[in-house]
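Peer 1: Turn this into a structure:
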Amino acid sequence: MNPHIIDETHPLKEVLVWGEPGCEALLAQLLPKSKSLFFSYYEVTEARNEFRRMQALIEKEGVKVIRAKDAYVRALEKMDIPNLPKSIHELEQRLLKYADEYYETFKDEKAVELQLSRHTISIEDVYSQVRADIHKILKEDIESYGAMNAVKLNYLLSHSHDLPICNIFYGRDQSNTLGNEILISEMRWDIRKPETEIYKTALKELGFEDHIVNIEEGTIEGGDSIILG
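Peer 2: A predicted model of the protein is given here:
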């Protein structure tokens with residue numbers, strides 16, 4: 001596989017995206033925007049549906065959609081992960097505990113943010129919705145990837161760092177394709193730094209390892225570049 005982009009206005013043939021947001025994005029609805037970097041609250045289950053509609057529209061135009069999330073799960077199948085929950089039930093209980101802790105810690109700050117936004121939902125309603133949707137999304141991930149892969153994916157995205165890796169579905173930020181090289185980003189915000197290693201794992205699984213380039217200093221994210229010849 002050979003990435004090759006020399007002009008952003010050339011016809012699109014293939015596109016790499018992350019995939020649907022998951023439990024990591026759900027948990028982040030309970031965090032203040034100073035931590036999550038989310039400008040406002042959004043319904044994660046509806047965002048998942050919007051992503052699927054977007055993918056269908058792109059494919060209808062004859063463009064191949066490559067999902068980094070699916071490639072990452074394939075890579076996880078070969079990995080032994082320390083401290084992994086033994087079952088989907090154990091993982092769900094851990095995620096619910098995280099939701100409880102985030103709610104208790106940040107509910108006053110989040111309540112003010114919601115009041116200042118265009119949303120009429122209360123922090124109590126957000127909390128209840130997050131708890132209910134955790135179960136729903138885990139069930140969907142089991143259907144897509146199998147139980148053990150769903151445990152691995154959701155553990156690594158939601159439970160393996162101090163904060164959930166909740167911005168990973170913004171799939172243009174983790175790398176740039178420049179010519180026939182893939183430049184891995186150097187993220188500015190701590191909550192986003194783990195995303196690049198996840199994408200590197202996915203890119204290697206997709207066969208792009210020989211094209212990956214790491215920057216040596218400074219910060220750059222995928223949305224920062226413009227390709228002009």
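
Peer 1: So what's the residue count around residue 94?
Peer 2: Other residues lying near residue 94 total 15 when counted by other C-beta atoms under 10 Å. In this view, the C-beta of every residue, glycine as well, is placed from N, C-alpha and C.

Peer 1: typo on my end, it should be residue 174
Peer 2: When neighbours are counted by other C-beta under 10 Å, residue 174 comes out with 26.

Peer 1: quick one: least confident helix or strand in the chain?
Peer 2: strand 175-178 (a mean of 86; mean pLDDT, DSSP states H and E).

Peer 1: So for the protein, which residue is the most central one in space?
Peer 2: In the chain, the residue lying closest to the centroid (C-alpha atoms, centre = their mean) is residue 168, at 2.8 Å.

Peer 1: Name all residues that make contact with the closest residue to it other than its chain neighbours.
Peer 2: In space, and not counting its chain neighbours, residue 168 is closest to residue 195: 4.9 Å by C-beta to C-beta, 6 or more residues apart in numbering. Neighbouring residues of residue 195 by C-beta atoms under 8 Å, 6 or more residues apart in numbering: 165, 167, 168, 173, 174, 187.

Peer 1: For these, which two are the farthest from each other?
Peer 2: Greatest spacing in the contacts of residue 195, by C-beta to C-beta: 165 and 173 (12.1 Å).

Peer 1: Helix or strand: which one has the residue nearest to residue 168?
Peer 2: Using DSSP states H and E, residue 195 sits within helix 194-205.

Peer 1: ok, and the closest non-adjacent residue to residue 41?
Peer 2: Leaving aside its sequence neighbours, residue 41 sits nearest to residue 119 (C-beta to C-beta, 6+ apart; 5.3 Å).
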